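Student: fold the following for me, if possible:
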Amino acid sequence: MVLETVQRALKISDLRFRILFTIAMFVVFRIGVHVPVPGVDTAEIQRLIGQGTLFSFLDVFSGGALALFSIFAMSITPYINASIIVQLLTIVIPKFEEWSKEGSEGRKKLTQYTRYGTVLLAMIQAIGMTFAVRSAVINPGFLSFSIIVITLTAGTAFLMWLGEQITEKGIGNGISLLIFAGIVSRLPSGLQRLIEFWQAGVINFFNIFALVVIGAVVIAAVVWIQEGQRRIPVQYAKRVVGRRMYGGHSSHIPLKINQAGVIPVIFAVSVLAFPATIAQFIQHPLAQKITTLFQFRSTTYLVLEFLLIVFFAYFYTAVTFNPVDVANNVKKYGGFIPGMRPGKPTAVYLDRVLTRITLAGAIFLATVAILPNFVMAATDIPSVYFGGTALLIVVGVALETMKQIESHLIMRHYQGFMK
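Tutor: Below is the predicted model:
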(Lines give C-alpha, C1' and ligand atoms only; values in the text may rest on other atoms or scores of the structure.)
Protein backbone atom coordinates (compact mmCIF):
# COMPACT_ATOMS: atom_id res chain seq x y z
CA MET A 1 0.00 0.00 0.00
CA VAL A 2 2.70 2.48 1.01
CA LEU A 3 4.99 1.50 -1.89
CA GLU A 4 2.10 1.79 -4.38
CA THR A 5 1.31 5.28 -3.09
CA VAL A 6 4.94 6.37 -3.42
CA GLN A 7 5.17 4.92 -6.95
CA ARG A 8 2.04 6.78 -8.01
CA ALA A 9 3.35 9.96 -6.41
CA LEU A 10 6.65 9.77 -8.30
CA LYS A 11 4.79 9.63 -11.61
CA ILE A 12 3.37 13.14 -11.06
CA SER A 13 5.95 15.81 -11.91
CA ASP A 14 4.84 18.37 -9.31
CA LEU A 15 4.60 15.81 -6.50
CA ARG A 16 7.88 14.22 -7.58
CA PHE A 17 9.55 17.63 -7.28
CA ARG A 18 8.08 18.11 -3.79
CA ILE A 19 9.33 14.72 -2.61
CA LEU A 20 12.81 15.20 -4.09
CA PHE A 21 12.96 18.73 -2.65
CA THR A 22 12.12 17.39 0.81
CA ILE A 23 14.82 14.70 0.48
CA ALA A 24 17.32 17.38 -0.61
CA MET A 25 16.48 19.43 2.50
CA PHE A 26 17.03 16.31 4.63
CA VAL A 27 20.49 15.96 3.04
CA VAL A 28 21.26 19.59 3.90
CA PHE A 29 20.07 18.94 7.46
CA ARG A 30 22.28 15.86 7.82
CA ILE A 31 25.29 17.73 6.42
CA GLY A 32 24.73 20.53 8.93
CA VAL A 33 24.62 17.98 11.78
CA HIS A 34 28.28 17.20 11.07
CA VAL A 35 29.45 20.85 10.89
CA PRO A 36 31.00 21.47 14.35
CA VAL A 37 30.76 24.68 16.34
CA PRO A 38 34.27 26.23 16.38
CA GLY A 39 36.31 26.19 19.57
CA VAL A 40 34.57 23.29 21.40
CA ASP A 41 36.04 19.97 22.53
CA THR A 42 33.47 17.38 21.44
CA ALA A 43 35.01 14.66 23.64
CA GLU A 44 33.76 16.46 26.76
CA ILE A 45 30.30 16.88 25.19
CA GLN A 46 30.13 13.16 24.38
CA ARG A 47 31.05 12.36 27.98
CA LEU A 48 27.94 14.24 29.13
CA ILE A 49 25.83 12.46 26.51
CA GLY A 50 27.12 9.09 27.69
CA GLN A 51 25.94 9.71 31.25
CA GLY A 52 22.31 9.13 30.21
CA THR A 53 21.19 12.60 31.29
CA LEU A 54 18.71 14.91 29.60
CA PHE A 55 21.44 15.69 27.05
CA SER A 56 21.32 12.10 25.78
CA PHE A 57 17.55 12.37 25.32
CA LEU A 58 17.81 15.71 23.49
CA ASP A 59 20.52 14.24 21.28
CA VAL A 60 17.93 11.84 19.83
CA PHE A 61 15.74 14.76 18.72
CA SER A 62 18.68 16.68 17.27
CA GLY A 63 19.71 13.69 15.17
CA GLY A 64 23.10 13.40 16.91
CA ALA A 65 23.89 17.10 16.46
CA LEU A 66 24.19 17.67 20.21
CA ALA A 67 26.75 14.88 20.68
CA LEU A 68 28.86 16.43 17.93
CA PHE A 69 28.01 19.93 19.23
CA SER A 70 27.34 21.01 15.67
CA ILE A 71 25.66 24.16 14.41
CA PHE A 72 22.28 22.36 14.83
CA ALA A 73 22.97 21.29 18.43
CA MET A 74 19.87 23.10 19.78
CA SER A 75 17.68 21.52 17.10
CA ILE A 76 14.35 23.25 16.46
CA THR A 77 13.37 23.49 20.15
CA PRO A 78 13.43 27.34 20.34
CA TYR A 79 11.02 27.53 17.40
CA ILE A 80 8.60 25.14 19.09
CA ASN A 81 8.75 27.14 22.33
CA ALA A 82 8.17 30.38 20.40
CA SER A 83 5.17 28.80 18.65
CA ILE A 84 3.69 27.81 22.01
CA ILE A 85 4.13 31.34 23.37
CA VAL A 86 2.56 32.97 20.28
CA GLN A 87 -0.41 30.59 20.38
CA LEU A 88 -0.91 31.33 24.08
CA LEU A 89 -0.77 35.06 23.30
CA THR A 90 -3.58 34.68 20.75
CA ILE A 91 -5.84 33.94 23.72
CA VAL A 92 -4.52 36.82 25.85
CA ILE A 93 -3.85 39.62 23.33
CA PRO A 94 -6.91 40.75 21.29
CA LYS A 95 -4.76 41.86 18.32
CA PHE A 96 -3.18 38.42 18.05
CA GLU A 97 -6.62 36.81 18.26
CA GLU A 98 -7.81 39.11 15.48
CA TRP A 99 -4.86 38.13 13.29
CA SER A 100 -5.51 34.43 13.90
CA LYS A 101 -8.99 34.88 12.35
CA GLU A 102 -7.85 36.91 9.32
CA GLY A 103 -6.77 33.96 7.22
CA SER A 104 -3.43 33.81 5.42
CA GLU A 105 -2.55 37.49 5.98
CA GLY A 106 -3.08 37.21 9.72
CA ARG A 107 -1.09 33.98 9.88
CA LYS A 108 1.80 35.71 8.12
CA LYS A 109 1.94 38.33 10.88
CA LEU A 110 1.84 35.68 13.61
CA THR A 111 4.52 33.71 11.78
CA GLN A 112 6.74 36.79 11.72
CA TYR A 113 6.40 37.22 15.49
CA THR A 114 7.15 33.51 15.90
CA ARG A 115 10.39 34.01 13.97
CA TYR A 116 11.42 36.93 16.16
CA GLY A 117 10.61 34.88 19.25
CA THR A 118 12.60 31.94 17.91
CA VAL A 119 15.75 34.04 17.48
CA LEU A 120 15.35 35.55 20.95
CA LEU A 121 14.76 32.19 22.66
CA ALA A 122 17.54 30.59 20.63
CA MET A 123 19.98 33.24 21.83
CA ILE A 124 18.91 32.72 25.45
CA GLN A 125 19.20 28.95 25.14
CA ALA A 126 22.54 29.26 23.33
CA ILE A 127 23.92 31.37 26.20
CA GLY A 128 22.71 28.80 28.72
CA MET A 129 24.10 25.89 26.72
CA THR A 130 27.45 27.62 26.20
CA PHE A 131 27.71 28.30 29.92
CA ALA A 132 26.75 24.69 30.64
CA VAL A 133 29.57 23.29 28.48
CA ARG A 134 32.12 25.99 29.31
CA SER A 135 34.55 23.27 30.45
CA ALA A 136 34.59 21.99 26.85
CA VAL A 137 35.52 25.37 25.34
CA ILE A 138 39.13 25.16 24.14
CA ASN A 139 40.04 28.83 24.61
CA PRO A 140 37.62 30.31 27.18
CA GLY A 141 36.97 33.98 26.67
CA PHE A 142 34.35 36.51 25.66
CA LEU A 143 35.16 36.20 21.94
CA SER A 144 34.99 32.39 21.97
CA PHE A 145 31.73 32.37 23.92
CA SER A 146 30.23 34.98 21.58
CA ILE A 147 31.14 32.96 18.48
CA ILE A 148 29.56 29.82 19.99
CA VAL A 149 26.33 31.66 20.92
CA ILE A 150 26.02 33.32 17.50
CA THR A 151 26.74 30.03 15.70
CA LEU A 152 24.15 28.06 17.70
CA THR A 153 21.53 30.80 17.22
CA ALA A 154 22.22 30.97 13.48
CA GLY A 155 21.96 27.18 13.25
CA THR A 156 18.49 27.18 14.81
CA ALA A 157 17.39 30.09 12.59
CA PHE A 158 18.60 28.16 9.53
CA LEU A 159 16.68 25.05 10.67
CA MET A 160 13.56 27.19 11.06
CA TRP A 161 13.99 28.45 7.49
CA LEU A 162 14.63 24.89 6.30
CA GLY A 163 11.39 23.70 7.90
CA GLU A 164 9.42 26.55 6.31
CA GLN A 165 10.85 25.67 2.89
CA ILE A 166 9.76 22.03 3.31
CA THR A 167 6.28 23.19 4.31
CA GLU A 168 6.01 25.58 1.36
CA LYS A 169 7.82 23.72 -1.43
CA GLY A 170 8.00 20.18 -0.08
CA ILE A 171 5.32 17.80 1.17
CA GLY A 172 4.34 19.87 4.23
CA ASN A 173 4.85 19.64 8.01
CA GLY A 174 8.42 20.89 7.66
CA ILE A 175 9.27 21.28 11.36
CA SER A 176 7.77 17.88 12.24
CA LEU A 177 9.63 16.24 9.36
CA LEU A 178 12.96 17.66 10.56
CA ILE A 179 12.34 16.18 14.02
CA PHE A 180 11.29 12.93 12.33
CA ALA A 181 14.51 12.87 10.28
CA GLY A 182 16.61 13.50 13.38
CA ILE A 183 15.00 10.65 15.32
CA VAL A 184 15.14 8.14 12.46
CA SER A 185 18.83 8.94 11.83
CA ARG A 186 19.61 7.66 15.35
CA LEU A 187 18.07 4.23 14.72
CA PRO A 188 21.29 2.61 13.40
CA SER A 189 23.25 3.66 16.50
CA GLY A 190 20.42 2.38 18.71
CA LEU A 191 20.47 -1.00 16.97
CA GLN A 192 24.24 -1.10 17.25
CA ARG A 193 23.97 -0.51 21.01
CA LEU A 194 21.51 -3.41 21.32
CA ILE A 195 23.93 -5.67 19.43
CA GLU A 196 26.77 -4.60 21.73
CA PHE A 197 24.64 -5.42 24.79
CA TRP A 198 23.85 -8.82 23.28
CA GLN A 199 27.49 -9.58 22.46
CA ALA A 200 28.56 -8.52 25.97
CA GLY A 201 26.00 -10.87 27.52
CA VAL A 202 24.04 -8.05 29.17
CA ILE A 203 20.85 -9.09 27.36
CA ASN A 204 19.73 -12.24 25.55
CA PHE A 205 17.49 -13.15 22.61
CA PHE A 206 14.33 -13.19 24.73
CA ASN A 207 15.00 -9.63 25.94
CA ILE A 208 15.26 -8.41 22.34
CA PHE A 209 12.20 -10.45 21.32
CA ALA A 210 10.18 -8.88 24.15
CA LEU A 211 11.30 -5.41 23.03
CA VAL A 212 10.23 -6.12 19.42
CA VAL A 213 6.82 -7.46 20.51
CA ILE A 214 6.17 -4.49 22.81
CA GLY A 215 7.28 -2.10 20.04
CA ALA A 216 4.94 -3.73 17.49
CA VAL A 217 1.99 -3.58 19.90
CA VAL A 218 2.67 0.07 20.73
CA ILE A 219 2.98 1.02 17.03
CA ALA A 220 -0.33 -0.71 16.27
CA ALA A 221 -1.98 1.08 19.20
CA VAL A 222 -0.56 4.46 18.10
CA VAL A 223 -1.90 3.99 14.55
CA TRP A 224 -5.28 2.87 15.93
CA ILE A 225 -5.61 5.92 18.19
CA GLN A 226 -4.25 8.35 15.57
CA GLU A 227 -6.81 7.16 13.03
CA GLY A 228 -9.68 6.68 15.51
CA GLN A 229 -12.58 9.11 15.38
CA ARG A 230 -16.08 9.69 16.71
CA ARG A 231 -18.51 10.39 13.88
CA ILE A 232 -21.30 12.79 14.82
CA PRO A 233 -24.28 12.29 12.43
CA VAL A 234 -25.63 15.38 10.66
CA GLN A 235 -28.91 15.54 8.77
CA TYR A 236 -29.46 18.23 6.16
CA ALA A 237 -33.04 19.41 5.53
CA LYS A 238 -34.37 19.81 2.01
CA ARG A 239 -34.45 23.35 0.65
CA VAL A 240 -35.37 24.78 -2.75
CA VAL A 241 -33.15 27.38 -4.42
CA GLY A 242 -34.68 28.58 -7.68
CA ARG A 243 -35.72 25.44 -9.53
CA ARG A 244 -33.25 23.17 -7.83
CA MET A 245 -33.59 21.24 -4.59
CA TYR A 246 -30.65 20.92 -2.19
CA GLY A 247 -30.10 18.94 1.01
CA GLY A 248 -32.08 15.99 2.22
CA HIS A 249 -28.97 13.88 2.78
CA SER A 250 -27.03 12.61 5.77
CA SER A 251 -23.38 13.28 6.63
CA HIS A 252 -21.18 13.29 9.70
CA ILE A 253 -18.65 15.41 11.60
CA PRO A 254 -15.46 13.39 12.24
CA LEU A 255 -14.06 14.16 15.69
CA LYS A 256 -10.65 12.54 16.02
CA ILE A 257 -9.73 10.91 19.31
CA ASN A 258 -6.32 12.54 19.01
CA GLN A 259 -7.21 15.83 17.34
CA ALA A 260 -3.82 17.38 18.15
CA GLY A 261 -1.64 14.61 16.66
CA VAL A 262 1.92 14.47 18.00
CA ILE A 263 2.09 18.22 18.69
CA PRO A 264 1.39 17.84 22.47
CA VAL A 265 4.35 15.46 22.82
CA ILE A 266 6.71 17.79 20.95
CA PHE A 267 5.49 20.78 22.96
CA ALA A 268 5.86 18.97 26.31
CA VAL A 269 9.40 17.76 25.57
CA SER A 270 10.45 21.23 24.39
CA VAL A 271 9.03 22.96 27.48
CA LEU A 272 10.75 20.50 29.83
CA ALA A 273 14.04 20.72 27.95
CA PHE A 274 14.32 24.50 27.96
CA PRO A 275 14.75 25.24 31.72
CA ALA A 276 16.77 22.08 32.34
CA THR A 277 19.21 22.89 29.54
CA ILE A 278 19.86 26.39 30.86
CA ALA A 279 20.09 25.44 34.55
CA GLN A 280 22.04 22.21 34.08
CA PHE A 281 25.42 23.56 35.16
CA ILE A 282 24.78 27.02 36.57
CA GLN A 283 26.45 27.28 39.96
CA HIS A 284 23.50 28.51 41.97
CA PRO A 285 21.33 26.68 44.55
CA LEU A 286 18.11 27.51 42.68
CA ALA A 287 19.58 26.31 39.38
CA GLN A 288 20.68 23.06 41.02
CA LYS A 289 17.15 22.52 42.32
CA ILE A 290 15.76 23.09 38.82
CA THR A 291 18.29 20.62 37.40
CA THR A 292 17.25 18.00 39.96
CA LEU A 293 13.57 18.69 39.35
CA PHE A 294 13.91 18.24 35.59
CA GLN A 295 16.32 15.32 35.73
CA PHE A 296 15.56 13.04 32.81
CA ARG A 297 13.47 9.98 33.74
CA SER A 298 13.08 11.04 37.35
CA THR A 299 9.62 10.64 38.90
CA THR A 300 9.06 14.40 38.89
CA TYR A 301 10.08 14.66 35.22
CA LEU A 302 7.72 11.83 34.20
CA VAL A 303 4.79 13.30 36.14
CA LEU A 304 5.39 16.75 34.61
CA GLU A 305 5.71 15.25 31.13
CA PHE A 306 2.44 13.33 31.60
CA LEU A 307 0.54 16.41 32.79
CA LEU A 308 2.01 18.69 30.11
CA ILE A 309 1.06 16.28 27.33
CA VAL A 310 -2.52 16.16 28.61
CA PHE A 311 -2.59 19.97 28.91
CA PHE A 312 -1.20 20.60 25.42
CA ALA A 313 -3.57 17.99 23.93
CA TYR A 314 -6.53 20.04 25.19
CA PHE A 315 -4.84 23.34 24.37
CA TYR A 316 -3.98 22.48 20.76
CA THR A 317 -7.39 20.87 20.19
CA ALA A 318 -9.05 24.09 21.38
CA VAL A 319 -6.86 26.08 18.98
CA THR A 320 -7.54 23.90 15.93
CA PHE A 321 -11.21 23.00 16.48
CA ASN A 322 -13.88 25.57 17.38
CA PRO A 323 -17.25 23.91 18.19
CA VAL A 324 -19.09 27.26 17.85
CA ASP A 325 -17.82 27.79 14.29
CA VAL A 326 -18.64 24.21 13.32
CA ALA A 327 -22.16 24.49 14.81
CA ASN A 328 -22.75 27.78 12.97
CA ASN A 329 -21.58 26.30 9.67
CA VAL A 330 -23.87 23.30 10.09
CA LYS A 331 -26.81 25.63 10.85
CA LYS A 332 -25.92 27.89 7.91
CA TYR A 333 -26.27 25.05 5.41
CA GLY A 334 -29.52 23.76 6.91
CA GLY A 335 -28.05 20.90 8.88
CA PHE A 336 -28.70 19.62 12.38
CA ILE A 337 -27.57 16.84 14.68
CA PRO A 338 -30.50 14.48 15.39
CA GLY A 339 -31.88 15.25 18.85
CA MET A 340 -30.03 18.59 19.08
CA ARG A 341 -31.30 22.06 18.27
CA PRO A 342 -29.09 24.05 15.84
CA GLY A 343 -26.83 26.80 17.16
CA LYS A 344 -25.61 26.97 20.76
CA PRO A 345 -27.00 23.54 21.91
CA THR A 346 -25.12 21.89 19.04
CA ALA A 347 -21.90 23.73 19.98
CA VAL A 348 -22.26 22.65 23.63
CA TYR A 349 -22.85 19.05 22.56
CA LEU A 350 -19.81 19.03 20.25
CA ASP A 351 -17.66 20.57 22.97
CA ARG A 352 -18.79 17.95 25.50
CA VAL A 353 -18.08 15.04 23.13
CA LEU A 354 -14.71 16.49 22.09
CA THR A 355 -13.69 17.02 25.73
CA ARG A 356 -14.38 13.38 26.55
CA ILE A 357 -12.64 11.79 23.58
CA THR A 358 -9.68 14.19 23.88
CA LEU A 359 -9.16 12.96 27.44
CA ALA A 360 -8.81 9.39 26.16
CA GLY A 361 -6.39 10.46 23.43
CA ALA A 362 -4.35 12.68 25.77
CA ILE A 363 -3.97 9.94 28.41
CA PHE A 364 -2.91 7.49 25.70
CA LEU A 365 -0.28 9.92 24.36
CA ALA A 366 1.07 10.61 27.85
CA THR A 367 1.17 6.89 28.74
CA VAL A 368 3.11 5.96 25.60
CA ALA A 369 5.53 8.85 26.20
CA ILE A 370 6.57 7.52 29.63
CA LEU A 371 6.46 3.87 28.49
CA PRO A 372 10.27 3.36 28.09
CA ASN A 373 10.71 3.23 31.86
CA PHE A 374 8.34 0.26 32.09
CA VAL A 375 9.80 -1.32 28.93
CA MET A 376 13.28 -1.27 30.48
CA ALA A 377 11.90 -2.97 33.59
CA ALA A 378 10.03 -5.59 31.54
CA THR A 379 12.85 -6.43 29.10
CA ASP A 380 15.90 -5.88 31.39
CA ILE A 381 17.48 -3.72 28.67
CA PRO A 382 19.66 -1.01 30.32
CA SER A 383 18.60 1.88 28.08
CA VAL A 384 15.92 2.45 25.45
CA TYR A 385 16.58 5.92 24.03
CA PHE A 386 14.26 5.34 21.07
CA GLY A 387 11.32 5.30 23.46
CA GLY A 388 7.68 6.23 23.57
CA THR A 389 8.06 9.93 22.78
CA ALA A 390 10.23 9.27 19.74
CA LEU A 391 7.93 6.46 18.63
CA LEU A 392 4.86 8.69 18.84
CA ILE A 393 6.53 11.40 16.77
CA VAL A 394 7.85 9.00 14.12
CA VAL A 395 4.56 7.13 13.64
CA GLY A 396 2.44 10.30 13.85
CA VAL A 397 4.55 12.26 11.36
CA ALA A 398 4.73 9.26 8.99
CA LEU A 399 0.91 8.99 8.97
CA GLU A 400 0.49 12.74 8.39
CA THR A 401 3.05 12.68 5.57
CA MET A 402 1.28 9.81 3.84
CA LYS A 403 -2.00 11.75 4.12
CA GLN A 404 -0.32 14.79 2.55
CA ILE A 405 0.86 12.67 -0.38
CA GLU A 406 -2.59 11.08 -0.69
CA SER A 407 -4.26 14.51 -0.79
CA HIS A 408 -1.95 15.58 -3.64
CA LEU A 409 -2.81 12.37 -5.50
CA ILE A 410 -6.56 12.87 -5.03
CA MET A 411 -6.33 16.45 -6.38
CA ARG A 412 -4.74 15.15 -9.59
CA HIS A 413 -6.58 11.87 -10.14
CA TYR A 414 -10.37 11.92 -10.31
CA GLN A 415 -10.93 8.34 -11.36
CA GLY A 416 -12.71 6.47 -8.64
CA PHE A 417 -14.92 9.44 -7.83
CA MET A 418 -16.47 9.35 -11.31
CA LYS A 419 -17.13 5.59 -11.42
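
Student: all strands of the stretch 301-419 of the chain, in order?
Tutor: Per DSSP state E, counting those that start in this stretch, the stretch 301-419 of the chain carries strands over the ranges 335-336.

Student: over to the chain?
Tutor: 229-236, 239-241, 244-246, 250-256, 335-336 (DSSP state E).

Student: just put the ones you listed in TSV and tack on mean neighbour count, distance to Ile127 and mean pLDDT.
Tutor: Every C-beta, even on glycine, is put in place using the N, C-alpha and C of the backbone. Output for the strands of the chain, formatted as TSV (neighbours: other CB atoms under 10 Å; distance: least, CB to CB, whole Å; pLDDT from 0 to 100):
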stretch	mean neighbour count	distance to Ile127	mean pLDDT
strand 229-236	15	45	84
strand 239-241	10	63	62
strand 244-246	10	61	61
strand 250-256	15	40	83
strand 335-336	20	55	80
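
Student: for those, which one sits closest to Ile84?
Tutor: strand 250-256 (21.0 Å; CB to CB).

Student: returning to what we had before: out of the strands of the chain, which comes closest to Lys109?
Tutor: Of the strands of the chain, nearest to Lys109 by CB to CB is strand 250-256, at 28.5 Å.

Student: what lines up beside that closest one in the sheet?
Tutor: Neighbouring strands of strand 250-256 in its sheet, by DSSP bridges, are strand 229-236 (antiparallel).

Student: give me the contact list for the strand it pairs with.
Tutor: If you take CB atoms under 8 Å, 6 or more residues apart in numbering as the criterion, strand 229-236 is touched by 247-257, 330, 333-338, 350, 353, 357.

Student: also stretch 96-103?
Tutor: Contacts of stretch 96-103 (CB under 8 Å, 6+ apart): 86, 89-91, 106-107, 109-110, 113.

Student: between these, which is nearest Phe17?
Tutor: Proximity of the contacts of stretch 96-103 to Phe17 (CB to CB) peaks at Arg107, which lies at 24.4 Å.

Student: ok so, going back, among the contacts of stretch 96-103, name the ones in helices.
Tutor: 86, 89-91, 106-107, 109-110, 113 (DSSP state H).

Student: so which of those residues wins on neighbours?
Tutor: Greatest neighbour count in those, by other CB atoms under 10 Å, goes to Val86: 22 neighbours.

Student: now it, nearest residue through space, not along the chain?
Tutor: Thr114 (4.9 Å; CB to CB, 6 or more residues apart in numbering).

Student: now do the contacts for Ile393.
Tutor: Applying CB under 8 Å, 6+ apart, the residues near Ile393 are 176, 179-180, 183, 262, 265-266.

Student: so this structure: which segments form each domain?
Tutor: Structural domains assigned to the chain are 1-185, 200-386, following automatic domain parsing.

Student: how about TSV for those, with distance to Lys403 added?
Tutor: As requested, those are exported to TSV (distance: least, CB to CB, whole Å):
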stretch	distance to Lys403
domain 1-185	9
domain 200-386	10
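
Student: between those domains, which gets nearest to Val394?
Tutor: Proximity to Val394 (CB to CB) singles out domain 1-185 among the domains of the chain, at 5.6 Å.

Student: avg pLDDT for that closest one?
Tutor: For domain 1-185, the mean pLDDT works out to 81.

Student: how far does it sit from the chain's center?
Tutor: Counting by CA atoms, centre = their mean, to the nearest Å, domain 1-185 is centred 12 Å from the centre of its parent chain.

Student: chain neighbours aside, what residue packs nearest to Gln87?
Tutor: Val319 (5.9 Å).

Student: can you give me the helices for the stretch 201-350 of the chain?
Tutor: In the stretch 201-350 of the chain, the helices defined using DSSP state H, counting those that start in this stretch lie at 205-227, 263-279, 285-293, 299-320, 323-332, 344-369.
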